[in-house]
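Peer 1: model this:
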Amino acid sequence: MQVSIEASEGLNRQLKVIIPSADYKKARRKEFVMISKNRKFPGFRPGHVPANIVEREYSAEINERTLSSVINNSVFDAIRQSKISNIEFESMPVVGNITFNGSDHDLVYTLEIEVKPDVNLEKDLASIDIEKVEGEIGDSDLEKMITDLRRQSGKWVENAEKAAANDDRVEVSFEGFIDGNAFEGGKASSVPLILGSGRMIPGFEDQIVGHKAGEEFDINVTFPENYGKKELAGKPAVFKAKLERVSENQLPELDEKFFAYFSDTAKTVDDFRSEVRKNMDREISKVVNDRNVKTVVDKLVSEFGGFDIPSRLAETYADNIKKDYESRKRPLPSDEAIASSVKHNLTVKYVIDAFVNKYGIKLDPKAVEAYIDMVASAYDSSEEYKKAVMNNKQMYYKFADMSFQKQIADYFFDHAKLNVTKKSFYELTQVL
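Peer 2: Purely as a prediction, here's the structure:
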């Protein structure tokens with residue numbers, strides 16, 4: 001077999017492959033024997049059919065099977081023989097331009113392959129600014145968490161004399177008007193709402209605060225520019241409102257009965273506070289880790305990305321995404337959104353591969369075990385959980401991948417120009 005590089009453009013390479021006629025004849029003989037042994041010919045025992053009869057009945061099929069097997073069996077040998085070092089094997093080779101003029105002639109075809117992009121990592125990490133977040137849990141964070149837990153177990157009690165305040169549950173009826181005209185979807189009765197939850201458009205809940213049940217008043221707001229209904233977006237509106245009910249949350253006492261909802265061991269306030277803090281420590285550790293990993297990945301892409309990605313591989317990824325959405329019967333994103341996502345994900349893949357290869361970062365089994373310990377500590381039966389992960393290859397590899405991402409981030413932080421920012425528990429975990 002002869003292999004030569006016929007064309008090279010971007011990340012595409014075209015190989016010319018020549019299969020000697022002798023190799024083709026040898027392969028055809030195998031197909032001929034297989035057909036003669038496995039097909040039934042009236043009047044003949046299997047394997048004792050005259051060659052001319054086999055040729056007469058199955059010549060076309062033998063030729064087709066031979067051509068397919070010769071090409072398929074030669075593809076990866078041809079790629080290896082090309083000695084191209086950075087081939088992207090995730091991108092399937094494409095066979096084309098098949099030339100075959102009979103078994104007395106060589107078989108010639110072309111093979112389209114893609115190579116991985118070159119990632120330029122020459123820039124010194126010490127010259128790159130990057131922000132690392134560190135979490136801290138203050139006394140106010142701890143008190144807020146305990147109050148939130150008490151609210152979850154609280155009892156709502158209606159109070160007709162109370163002026164509504166944040167964290168109260170109210171029921172409000174309203175009708176909205178724009179330029180004096182009622183608009184579709186702007187009217188509702190006895191809508192339940194916890195003030196301060198941010199469920200309504202900005203300013204709506206604030207103007208309920210201070211009113212008592214039975215009062216009628218106007219709520220003046222402006223719909224956000226990105227509001228879901230375009231005909232309302234950015235427009236000022238007046239809601240004629242009536243506060244139907246006000247209920248306040250009566251919080252439970254910090255006693256053993258309350259502790260039992262959240263802990264099997266806490267008996268005192270100090271015990272409970274200690275357990276709550278430990279849980280907050282675990283949560284903030286994960287949030288901090290996830291944020292820092294994303295920061296490093298984004299920085300790697302911004303500093304070292306910008307290269308082309310293999311186009312056929314990108315198309316394959318995009319097709320797989322579409323099939324996944326269709327199989328789950330989910331609304332399909334636009335082609336542009338899918339293409340952008342694929343490009344980003346492949347860029348991340350190539351940058352990280354190049355980064356770990358250049359700096360010799362290898363997966364540390366001890367770091368993986370420590371990562372699993374961190375996750376397992378959130379469970380009551382932490383040892384059982386850890387054992388289950390360690391004995392399940394799929395679960396272990398998932399945690400190993402997350403641990404390796406942390407290793408990469410830690411390496412970057414250790415060698416870059418680091419700016420550390422401390423953030424409180426609720427700054428890091430609050431969903432906006």
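
Peer 1: Would you list the phi and psi of residue 184?
Peer 2: phi -60, psi 130 (degrees, to the nearest 10).

Peer 1: Quick one, grab the pLDDT at it.
Peer 2: Predicted confidence (pLDDT) for residue 184: 91.

Peer 1: burial count for it?
Peer 2: Using other CB atoms under 10 Å, residue 184 has 9 neighbouring residues. For glycine as for every other residue, the C-beta is placed from the backbone atoms N, C-alpha and C.

Peer 1: mind checking how far it is from residue 231?
Peer 2: Distance check for residue 184 against residue 231: by CB to CB, to the nearest Å, it reads 9 Å.

Peer 1: Please pull up the helix or strand immediately following the lengthiest helix in the chain.
Peer 2: Longest helix of the chain, by residue count under DSSP state H: helix 269-304. Going down the chain from helix 269-304, the next helix or strand is helix 311-327, by DSSP states H and E.

Peer 1: those helices in the stretch 51-200 of the chain, which residues are they?
Peer 2: Secondary structure of the stretch 51-200 of the chain (DSSP state H, counting those that start in this stretch): helices located at 51-82, 139-152.

Peer 1: Distance-wise, check the residue nearest to residue 273 when sequence neighbours are not counted relative to residue 260.
Peer 2: Of all residues not flanking residue 273 in the chain, residue 142 sits nearest, at 6.5 Å (CB to CB, 6 or more residues apart in numbering). Residue 142 sits 20 Å away from residue 260, taking CB to CB as the criterion.

Peer 1: Tell me which of those two has more neighbours.
Peer 2: Remark: of residue 142 and residue 260, residue 142 carries more neighbours, 16 against 11, as counted by other CB under 10 Å.

Peer 1: how far away is the more buried one from residue 130?
Peer 2: Per CB to CB, residue 142 is found 30 Å from residue 130.

Peer 1: can you check residue 277 too?
Peer 2: Counting by CB to CB - residue 277 and residue 130 are separated by 29 Å.

Peer 1: Need the pLDDT of the residue nearest the centre of the chain.
Peer 2: Residue closest to the average C-alpha location in the chain (CA atoms, centre = their mean): residue 345, at 9.1 Å. On pLDDT, residue 345 comes in at 94.

Peer 1: Output the contacting helices and strands for the helix or strand where it lies.
Peer 2: Assessed by DSSP H and E, residue 345 sits inside helix 335-359. When contacts are defined as 3 or more CB pairs under 8 Å, 6 or more residues apart in numbering; DSSP states H and E, helix 335-359 packs onto helix 269-304, helix 311-327, helix 393-415.

Peer 1: Can you add mean neighbour count and distance to residue 34 and give the ones you listed back as a markdown table?
Peer 2: As requested, the helices and strands packed on helix 335-359 are exported to a markdown table (neighbours: other CB atoms under 10 Å; distance: least, CB to CB, whole Å):
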| stretch | mean neighbour count | distance to residue 34 |
| --- | --- | --- |
| helix 269-304 | 17 | 52 |
| helix 311-327 | 14 | 33 |
| helix 393-415 | 16 | 39 |
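
Peer 1: and residue 16, which of the ones you listed is closest to it?
Peer 2: For the helices and strands packed on helix 335-359, distance to residue 16 was read as CB to CB. The smallest value, 19.0 Å, belongs to helix 311-327.

Peer 1: now that closest one: mean pLDDT?
Peer 2: 94.

Peer 1: Report the spatially nearest residue to residue 65, omitting neighbours in sequence.
Peer 2: The shortest distance from residue 65 to any non-neighbouring residue, by CB to CB, 6+ apart, is to residue 31 (4.9 Å).
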